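# Following is a predicted model, sequence given first.
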Amino acid sequence: MALFMPGMPCAFCGHGMLRRYDIVMFPPFVANAKDPLIAFSDGVFHRACFERHPLADRARRRRDEATAMLAPDKRICVVCGDRIRNPDDYFTLGFLTDDATSPLFEFNYLRAHRSHL
């Protein structure tokens with residue numbers, strides 16, 4: 001999850017954020033720098049700034065999807081089929097594309113033991 005310190009600037013408006021309950025925080029859930037949602041990844045925003053952003057709903061849905069797909073109970077290795085229990089032996093590609101016609105689409109949220117790579 002992103003780090004918040006009172007007074008730090010909102011990633012959208014640049015003004016200081018003072019109260020934790022007036023902010024929205026995102027984990028680093030987008031790796032592709034060309035994805036329009038990269039602006040939200042590992043970000044902290046005033047709740048009002050976030051809600052006004054035209055991609056807010058899409059970012060929220062993608063974050064929720066990534067959180068669900070990468071949860072510990074979903075960490076099943078595509079190579080051996082076993083659960084990945086050791087976080088140091090865990091590899092994921094995360095989300096790559098929402099274009100179902102892309103050859104990368106089938107690799108969204110791919111998970112494997114690092115030792116199998």
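Received the coordinates, thanks. Quick caveat: nothing in here was measured; it's all calculated off a predicted structure.
# average pLDDT for the lengthiest helix in the chain?
Criterion DSSP state H: the longest helix present in the chain is helix 56-69. For helix 56-69, the mean pLDDT works out to 95.
# Would you mind listing the buried residues in it?
Ala59, Arg60, Arg62, Arg63, Ala66 (16 or more other C-beta atoms under 10 Å). (Each C-beta comes from the backbone N, C-alpha and C, glycine too.)
# Now the element after it, going C-ward?
strand 90-92 (DSSP states H and E).
# Just checking: what are the partner strands of that next one?
Strand 90-92 has these partner strands in its sheet, going by DSSP bridges: strand 111-113 (antiparallel).
# Now do the longest helix of the chain: distance to the chain's middle.
Relative to its parent chain, helix 56-69 has a centroid offset of 7 Å by C-alpha atoms, centre = their mean, to the nearest Å.
# low-scoring stretches of the protein, by residue?
1 (pLDDT under 70).
# Centroid-wise, who is the farthest residue in it?
Taking C-alpha atoms, centre = their mean, the residue of the chain most remote from its mean C-alpha position is Cys80, at 25.5 Å.
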